[in-house]
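Asker: Pasting a predicted model and its sequence here:
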Amino acid sequence: MLDEPATGLDVAQRVALDAMLKVLCQTGLIVLASAHDLNHSLQQDDDIWFISKGKMIDSGDAADVMKPERLAPVFGIDFQRHRVGESDWLVPVSE
């Protein structure tokens, strides 16, 4: 169980952390981590649980949950999802 494990890490250390967590998961371990970086979660996580004020708001496969229409009600803002290369990116839409 990790609470914001990438906070304060530079890019190289974040990549190393992601690689280590991926290896742990491939061995059959479950890694449970809290995070606020939506794009990092979209790209790295298998499953997402959105929890707000102690209640489960949404959950499921990261690619399904991390869609603008599912994020907007949780955060109260609109999002766009863009594909760049082989990765999807979430962009908040400002009015």
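Answerer: Now that the structure is in, tell me what you want to look at. Numbers count the residues shown, from 1 in each chain.
Asker: mind exporting the helix ranked longest in the chain as CSV, just the C-alpha atoms?
Answerer: For the chain, the helix that runs over the most residues, judged by DSSP state H, is helix 11-26. Output in CSV follows, covering the C-alpha atoms of helix 11-26 (Å, rounded to 0.1, in the frame of the first residue of the first chain):
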residue,chain,number,x,y,z
VAL,A,11,11.4,12.0,-14.0
ALA,A,12,14.1,9.3,-14.0
GLN,A,13,13.2,8.1,-10.5
ARG,A,14,9.5,8.0,-11.4
VAL,A,15,10.2,5.8,-14.4
ALA,A,16,12.3,3.5,-12.1
LEU,A,17,9.5,3.4,-9.6
ASP,A,18,7.0,2.5,-12.3
ALA,A,19,9.3,-0.3,-13.6
MET,A,20,9.7,-1.7,-10.1
LEU,A,21,5.9,-1.7,-9.4
LYS,A,22,5.3,-3.3,-12.8
VAL,A,23,7.7,-6.1,-11.9
LEU,A,24,6.0,-6.6,-8.5
CYS,A,25,2.6,-6.9,-10.1
GLN,A,26,4.0,-9.4,-12.7
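Asker: for the record, mean pLDDT for it?
Answerer: For helix 11-26, the mean pLDDT works out to 95.
Asker: again, but for stretch 31-45
Answerer: Per-residue scores along stretch 31-45 average to 93.
Asker: ok so, going back, hmm, who's touching the longest helix of the chain?
Answerer: Around helix 11-26, the neighbours that count as contacts under Cβ atoms under 8 Å, 6 or more residues apart in numbering are 5, 6, 9, 31, 33, 40, 44, 46. (C-beta placed from N, C-alpha, C; glycine too.)
Asker: In terms of helices and strands, where is the residue nearest to the spatial centre of the chain?
Answerer: Centroid-nearest residue in the chain: residue 41, 1.5 Å away (criterion: Cα atoms, centre = their mean). Residue 41 belongs to helix 38-44 when assigned by DSSP states H and E.
Asker: residues making contact with that helix?
Answerer: Contacts of helix 38-44 (Cβ under 8 Å, 6+ apart): 6, 14, 18, 21, 35, 48, 62-63, 66, 71, 87-90.
Asker: I'm done for today, thanks for sticking with me.
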